[in-house]
Structure formats: C-alpha cells, structure tokens
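J.: Have a look; sequence and predicted model below, questions after that.
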Amino acid sequence: MKETGTAKTHGVQSPTVINPHRARKSRSRRTSTFSKQIHKALVAAGAGVLATAMALTPGITFAADAQTNYYSSKQPYPVPSQETTSSYSAAPAGYEPIYTESVDRHGSRGLSSYKYDALLKLMATTAVKENGFKSEQIKNEFLASLDGITAANVKNGYGQLTNLGRGELRGIGQRAYDRNKTLFDQANANGEQIAFESSRESRATESGDRFKDGLVNESGNALADNVQANEKRPGTLYFHKLENPDGTVK
C-alpha cells in the first residue's frame, strides 16, 4: 500500500508489525522591485496565499478529481476512490502478508514561519505606495485576505498541523487497518507490538499519533494495547540541511 500527497519537510512515521519467526514479507521549493509588473507578482503571490487559506480552512472535503485546484506542496492527500482501493492487489494464492510498514510525510500544516506572511505584507505595502494594484477593489480584497490568512496562521501555529492534516493521517491509519485487517487482527491475537517512529518535529509526531488514532479506532479499539509510544529518531528520520559542498553560490 502506498499513499502520497503534500510534501513538506521533517515528517516520517513508521507503524510496523513484525513477525520475527517468518521470512516472507509483503511490502505492499525573486524578489523583484515594484514596477509595471507588480500586478504579476501579486497574482503569483495571491495564488500561494489562496492555497494556504484552503489548507487552513477546517471542514473542507476534497474530491479525488478536483486536485488540480492546488499548487505544488499545497496539494492535500487525496482520499482514494472506492474504484482505486478495490483495484489493490491481493496476496497471491498460497501467500499471506506477515509485515506492513507505512512511511508518511506529515499532514497538511500552516506556513512554516511568519516570514512568508511578513514578506507578502511588505510586498503589498510597497505596492500601495507605488500604486501597483490594478484597482482599488483588488487592493482592498488582497489586503483583507492577507490579514485574514495571517491571523489564521497565528491561530493555528506556524508549522503545526491543521485540522485537515490531522484528518489526513487519521484517514490513512483507518485505511491501513482496512487493507491489512487480517494481519493486524493476528498481531493482536499474538500480542505483537506496532511500533511508531518520528523525526521529533511536533507536526511529524502528531501526524504519527493521528495515524495511530485512525488505526486503533478502525479496529474497534482492539489494537489499543498493541501500539507503542511514538519514538523520536531525528538521526534516522529528520531531513538534515546540507551546505553546498563546493562552497559556490549560484
């Protein structure tokens, strides 16, 4: 089973069931001066702001065929359709899954830092001074939207999961159980443990915990005693920054 979606930094969780007595396994990102082109910059910035606003709005549902409304890393995890899930391959005759692992990026989150809202505010302030907006209406709408989005980011917490993000990982956990029900039920019967690991970042750790919620709830709470506490392993799972090895700046 593989599910992919928004790709931002720092988040990995691995819920795992392992049977050590058997060998087979199934592993089913310019700044510019304001001139006659200012409206182009504002349009581009507005697109990013819009995508962020949608990611921060709780209660939105996303159809699998409407994913083109989002940009780059603002793409949410789509819930697979029934047609998709029903097409997943079953284990071949004579085989059974004895191991499953899910490696996930964190769920949808707010902006990682206030600096992005601050840069948009600075750009808009300069545009007002240089009469860069195409109309008074566009200016007022843009400024109001920017203020609202900044307030939403502050309320949510920069870099933290949104309600959408929590729901994404909870849903993946639910589908993981449904896909591997026999495997998880057998693990429960055998008293085996399900391990969780994260990169230490709070949004990654919470993503793992929400996955765990979905998994346990979908099992009717049967797996409550099988899940382990989320172990933080930044040495293995954190995306460490690396300086340019040749020392040049391009």
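T.: Right, received. Where do you want to start? Residues are numbered from 1 along each chain as shown.

J.: What about residue 122? Give its phi and psi, please.
T.: Geometry field for residue 122 lists phi and psi as phi -60, psi -40, criterion degrees, to the nearest 10.

J.: After the worst-scoring helix or strand of the chain on mean pLDDT, which helix or strand is next?
T.: Every helix and strand of the chain was ranked by mean pLDDT, DSSP states H and E. The lowest is helix 38-56, at a mean of 34. Scanning the chain past helix 38-56 towards its C-terminal end, the next helix or strand to appear is helix 82-86 (assignment: DSSP states H and E).

J.: tell me what that next one is packed against?
T.: When contacts are defined as 3 or more C-beta pairs under 8 Å, 6 or more residues apart in numbering; DSSP states H and E, helix 82-86 packs onto no helix or strand at all. (Each C-beta comes from the backbone N, C-alpha and C, glycine too.)

J.: I figured residue 132 hits residue 126, correct?
T.: Yes. Between residue 132 and residue 126 there is a contact at 7.3 Å, judged by C-beta atoms under 8 Å.

J.: Looking only at neighbour counts, state which of these two leads.
T.: A direct count of neighbours by other C-beta atoms under 10 Å for residue 132 and residue 126 places residue 132 higher, at 19 against 14.

J.: Pull the number of nearby residues for the closest residue to residue 234 other than its chain neighbours.
T.: Distance criterion C-beta to C-beta, 6 or more residues apart in numbering; nearest residue to residue 234, sequence neighbours excluded, is residue 200 at 4.4 Å. Look at residue 200: counted by other C-beta under 10 Å, it has 16 neighbours.
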